[in-house]
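Peer 1: The sequence and its predicted three-dimensional model are supplied below.
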Amino acid sequence: MTYQTPLDCVLGYVRTIEAGGGGDAVRPYLSEDFTLIEAPHVLAPEGSKRTREQVLAGVDQSGQVVAEQRFEVRRTTCEGDRVVLEVDWSATSLMDLRYWDAGEVIRARMSSVFEVRDGRIISQDSYDCYFIEEQLP
């Protein structure tokens, strides 16, 4: 991978996921020691911490759970190698989940803080707020 700014790296990662790229397509964006920390939310009440390999496996499996993922980037903030994205995310559920039936659109407001080193993402801390349809205005 050629040099790119931290923002370009993070946006490339997000766009690759949005385009349905699997683990092999996402792998070049993540450092070997990448970690993802998710704050608690309705789909993971205890939150989670995942390694690069766990994230790549999840990306590969996501096509069985959701389709038509969209990331509407509302705002970016960059400081050195740190990138913050504020995103409206949506996807169509392919199976019945706790709060959504197959075919329903899942929506969330997400904020993620990324650290980039040598053109690869070394960490992502995500704060996701899922909307249950009854809660939407």
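Peer 2: Right, received. Where do you want to start?
Peer 1: what about the helices in the protein?
Peer 2: According to DSSP state H, the chain carries its helices in the segments 6-18, 23-26, 52-62.
Peer 1: Now do the second one, average pLDDT.
Peer 2: Confidence for helix 23-26, expressed as mean pLDDT, is 95.
Peer 1: Over to the longest one?
Peer 2: Per-residue confidence for helix 6-18 averages out to 96 on the pLDDT scale.
Peer 1: Same question for the last one.
Peer 2: Mean per-residue pLDDT for helix 52-62: 94.
Peer 1: That one vs helix 6-18, what angle?
Peer 2: 40 degrees (axes from the mean of the first three to the mean of the last three CA atoms, to 10 degrees).
Peer 1: Alpha carbons of stretch 81-89, as PDB, please.
Peer 2: Provided in PDB are the C-alpha atoms of stretch 81-89 (Å, rounded to 0.1, in the frame of the first residue of the first chain):
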ATOM      1  CA  ASP A  81      -2.300  10.400  13.400                       C
ATOM      2  CA  ARG A  82      -5.700  10.400  15.100                       C
ATOM      3  CA  VAL A  83      -8.900  10.500  13.100                       C
ATOM      4  CA  VAL A  84     -12.400  10.900  14.500                       C
ATOM      5  CA  LEU A  85     -15.400  10.000  12.300                       C
ATOM      6  CA  GLU A  86     -19.000  10.800  13.100                       C
ATOM      7  CA  VAL A  87     -21.100   8.600  10.900                       C
ATOM      8  CA  ASP A  88     -24.800   7.700  10.300                       C
ATOM      9  CA  TRP A  89     -24.700   3.900   9.500                       C
END
